[in-house]
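Trainee: okay, predicted coordinates and the sequence, questions at the end:
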Amino acid sequence: MNEVWDMIFDENGNLVYEGYLRNGSPWGSGTSFFDNGNKYQEGLFGHKGLLYGREYYKNGSIRFEGTYAENHGYGPNYPIYGSCFDESGAKIYEGRLKVSKSDNGFPKVESPEGFGPVAQKDRPGLMSCVSHSALLPDCCYVRALKGDERSLFIEFLDKNGFRPLCAREDAVSSRLPVIVGVKDSTYEVMGNITCAAAAASSGILMSVMEFRILYENSSGLVIV
């Protein structure tokens, strides 16, 4: 699908991204914003965040300028080579950053010391927002859910005319992602853990919120 220029807003109406999108997510040249209107990141985006450009503190000072590594595991892309600055704007480091995985698998900057977490606390929640101009694919892969949240999602699909291709009980109880066939109004559980891991690493999974927004935009009348 070709990239389109658009804007993404959060549920409070704050602009969180302006730039090129692919399937409703940042892809290509763009800028993301904190909820106070200041820039968060600007440059070239991939499916897990910035690939090259600048990142800022919420106060407007530059935090990092350079290249980000594309993360194929858990968490966002992370800074790998460039210049680091403190919150006053003073340069504290230039060169290759040392990055490791924390106990939960999330990338962590070890050097330079004091850089802080890869993902700033007040960063915009781009993964939970979606462009209203995004198109819903014929086949969607919805992230693994469990408990009441999963039951409610399956119930939402049932109410809106989707029929299960597997036992409905399996769709409710499984912890694997749900494959939703939008074109033929079906749903089923992703085959196995290996498939789910491959889908997660390729970035094709979407959240329930993303699916529902896109589905409501494309279908008009939705039963909740």
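Mentor: That came in fine, so what should we check first?

Trainee: tell me the domain boundaries of the protein?
Mentor: 4-127, 136-219 (automatic domain parsing).

Trainee: which of those domains has the lowest mean pLDDT?
Mentor: Comparing mean pLDDT across those, the weakest is domain 136-219, with a mean of 82.

Trainee: can you redo the domains of the chain as JSON lines with mean neighbour count?
Mentor: The way it works is simple: take the backbone N, C-alpha and C, and place the C-beta from them, glycine included. What follows is these, written out as JSON lines (neighbours: other Cβ atoms under 10 Å):
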{"stretch": "domain 4-127", "mean neighbour count": "17"}
{"stretch": "domain 136-219", "mean neighbour count": "16"}
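
Trainee: what sits against Ser61?
Mentor: 85-89 (Cβ atoms under 8 Å, 6 or more residues apart in numbering).

Trainee: now Val16
Mentor: Contacts of Val16 (Cβ under 8 Å, 6+ apart): 8-10, 32-33, 35, 124-126, 129.

Trainee: with Val208 instead?
Mentor: 142-143, 145, 149, 153.

Trainee: give me the subset of these lying in strands.
Mentor: The strands, defined by DSSP state E, take in Val142 from the contacts of Val208.

Trainee: show me which of the contacts of Val208 is closest to Ile80.
Mentor: Distance to Ile80 across the contacts of Val208 (Cβ to Cβ) is lowest for Arg143, with 26.6 Å.

Trainee: that closest one against Leu205, yeah?
Mentor: Yes - at 4.8 Å, Arg143 counts as touching Leu205 under the criterion of Cβ atoms under 8 Å.
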